[in-house]
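Student: I'll drop the sequence and a predicted model, then ask my questions.
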Amino acid sequence: MKCGHCNSKNVSKKNKKDGFHFCNGCKKRFNVRTNTIFHRSKISLDKWLYAAYLLQTSRKGVSGLQVSKQLGITQKTAWFMLHRLREACKACKAGSFKMSGSVS
C-alpha cells in the first residue's frame, strides 16, 4: 500500500472503524479514494460505478436527469458525478493516465 499523497510505502494499517490508513512519511491520513475522481465525495462507490456503467453503455450519451432518476439522487449530484467521469474519460483518451500497481 502506498500513500495517496506522497507515494511513500511507509504506512500503518488501516483503522477498522473509518477505513483510513496513516502515512508515517507525510503524517497524513488517506484511503483508497484519495487522489481519484472519487476523492472527497460522500456518494457511495456503488452509485459511482453504476453511473460509470450508464455513461459507458449508452450510445448517445446519458443526461444528468436520467442518472438522477435511476440512482435516486438529485440532478445536481448526478451532474457532478457525470462531470468527473467525463473528465476522467478525457484523461484516459489523452494518454495522461496509466493504470499500474496492485489492488488490495
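Tutor: Alright, I've got the coordinates. Numbers count the residues shown, from 1 in each chain.

Student: Could you use CA atoms for every contact and neighbour count after this?
Tutor: Noted.

Student: show me where this protein has strands.
Tutor: 11-12, 21-23, 29-30 (DSSP state E).

Student: now the helices for the chain?
Tutor: Using DSSP state H, the helices found in the chain span residues 45-57, 64-71, 75-94.

Student: okay, these in a markdown table with mean pLDDT next?
Tutor: Listed next are those as a markdown table, based on pLDDT from 0 to 100:
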| stretch | mean pLDDT |
| --- | --- |
| helix 45-57 | 93 |
| helix 64-71 | 96 |
| helix 75-94 | 87 |
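
Student: With distance to residue 15 added, can I get those in TSV?
Tutor: Formatted as TSV, the helices of the chain follow (distance: least, C-alpha to C-alpha, whole Å):
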stretch	distance to residue 15
helix 45-57	19
helix 64-71	30
helix 75-94	28
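
Student: mind listing what residue 61 touches?
Tutor: Counting by C-alpha atoms under 8 Å, 6 or more residues apart in numbering, residue 61 touches residue 55.

Student: hmm, back to that, kindly reformat the helices of the chain as a markdown table containing distance to residue 39 and mean neighbour count.
Tutor: Below are these laid out as a markdown table (distance: least, C-alpha to C-alpha, whole Å; neighbours: other C-alpha atoms under 10 Å):
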| stretch | distance to residue 39 | mean neighbour count |
| --- | --- | --- |
| helix 45-57 | 11 | 15 |
| helix 64-71 | 20 | 16 |
| helix 75-94 | 10 | 15 |
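
Student: so which of these comes closest to residue 5?
Tutor: Closest approach to residue 5 among these is made by helix 75-94 (19.0 Å; C-alpha to C-alpha).

Student: Let me know the angle separating the closest one from helix 45-57.
Tutor: Orientation check (axes from the mean of the first three to the mean of the last three C-alpha atoms, to 10 degrees): helix 75-94 against helix 45-57 gives 60 degrees.
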